[in-house]
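> quick one: sequence plus predicted model below, questions after.
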Amino acid sequence: MLKNWLTYRYYNVKPTKVELSTCSNGPNSIYISYQKKGYYFIPPTMLQQKHKQGSSKKEPSNGQVSLGVLIQNIQELAKPLSITSKEILLAYNHNYNAQARTFEDTTIGGLEGILTSLQLIHEAKNIRPGNEKQLNRWLSALIPGDVTSFREWLLHDHTEAIHQLIQQLKKQQSA
């Protein structure tokens with residue numbers, strides 16, 4: 001998750017990879033702060049997507065992942081965390097001030113945000129395998145209030161704290 005400090009916009013760039021540079025990459029470059037340093041990047045919508053040959057997942061011609069593929073990816077990541085579809089929709093509604101009752105009522109951009117949060121949960125679990133309660137306690141130490149389950153990690157309010165936690169876990173692991 002990258003944040004533009006001038007407009008206070010967050011950019012979810014996963015699963016698309018973007019190149020961060022300390023110099024402007026051209027007229028479409030956006031300045032952001034990442035890990036307390038300033039960088040430029042070109043949003044994924046401005047980059048030409050490489051067409052994957054032999055891919056079993058169908059993507060629309062505009063380079064965006066289809067809603068069906070996105071939902072499938074979310075469900076695959078949510079299942080081992082015991083996060084239900086209903087809980088995903090509740091987090092989506094909270095994050096985007098929406099009233100979605102089904103995944104078809106959501107937006108691709110919003111679901112990409114949920115997917116990013118699920119990927120962060122798995123990243124934290126992979127760095128420091130252990131029980132959910134311990135990871136929740138560590139995250140709770142970084143935010144006001146108590147986090148009691150992984151489904152609360154899906155809220156955008158916690159994204160920056162999750163990045164901090166992952167960095168701390170990586171430092172502990174390398175020490």
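In hand now; what should we look at? Numbering: from 1, shown residues only.
> distance of Y96 relative to A141?
Per C-beta to C-beta, to the nearest Å, Y96 is found 27 Å from A141. Placement of C-beta: from N, CA and C, glycine included.
> quick one, longest helix in the chain?
Determined from DSSP state H, the single longest helix within the chain is helix 108-127.
> can you name every helix or strand that it contacts?
Under the contact definition 3 or more C-beta pairs under 8 Å, 6 or more residues apart in numbering; DSSP states H and E, helix 108-127 sits against helix 67-78, helix 85-96, helix 159-174.
> residues of the last one that come out buried?
Read that as helix 159-174. Within helix 159-174, the residues scored as buried using 16 or more other C-beta atoms under 10 Å are T159, A161, I162, H163, Q164, L165, I166, Q168, L169.
> Q119 is in contact with I74, isn't it?
No. The pair Q119 / I74 is not scored as a contact, 10.0 Å apart, by C-beta atoms under 8 Å.
> the more surrounded of these two?
I74 (23 against 15; other C-beta atoms under 10 Å).
> these two touch, right, that one and L89?
No. Counting by C-beta under 8 Å, I74 stays clear of L89, with 10.5 Å between them.
> now do the shared contacts for those two.
Shared contacts of I74 and L89 (C-beta atoms under 8 Å, 6 or more residues apart in numbering): none.
> domains of the protein?
Domain assignment for the chain by automatic domain parsing gives 2-46, 67-174.
> just those: most buried one?
domain 67-174 (a mean of 16; mean count of other C-beta atoms under 10 Å).
> got the CA positions of stretch 130-141 in CSV?
The C-alpha coordinates for stretch 130-141 follow below in CSV (Å, rounded to 0.1, in the frame of the first residue of the first chain):
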residue,chain,number,x,y,z
GLY,A,130,2.4,-18.9,15.4
ASN,A,131,-1.0,-18.4,16.8
GLU,A,132,-3.5,-15.8,15.7
LYS,A,133,-3.8,-14.4,19.3
GLN,A,134,-0.1,-13.5,19.4
LEU,A,135,-0.1,-11.7,16.0
ASN,A,136,-3.3,-9.8,17.1
ARG,A,137,-1.6,-8.7,20.4
TRP,A,138,1.4,-7.4,18.4
LEU,A,139,-0.9,-5.5,16.0
SER,A,140,-3.0,-4.2,18.9
ALA,A,141,0.2,-2.6,20.4
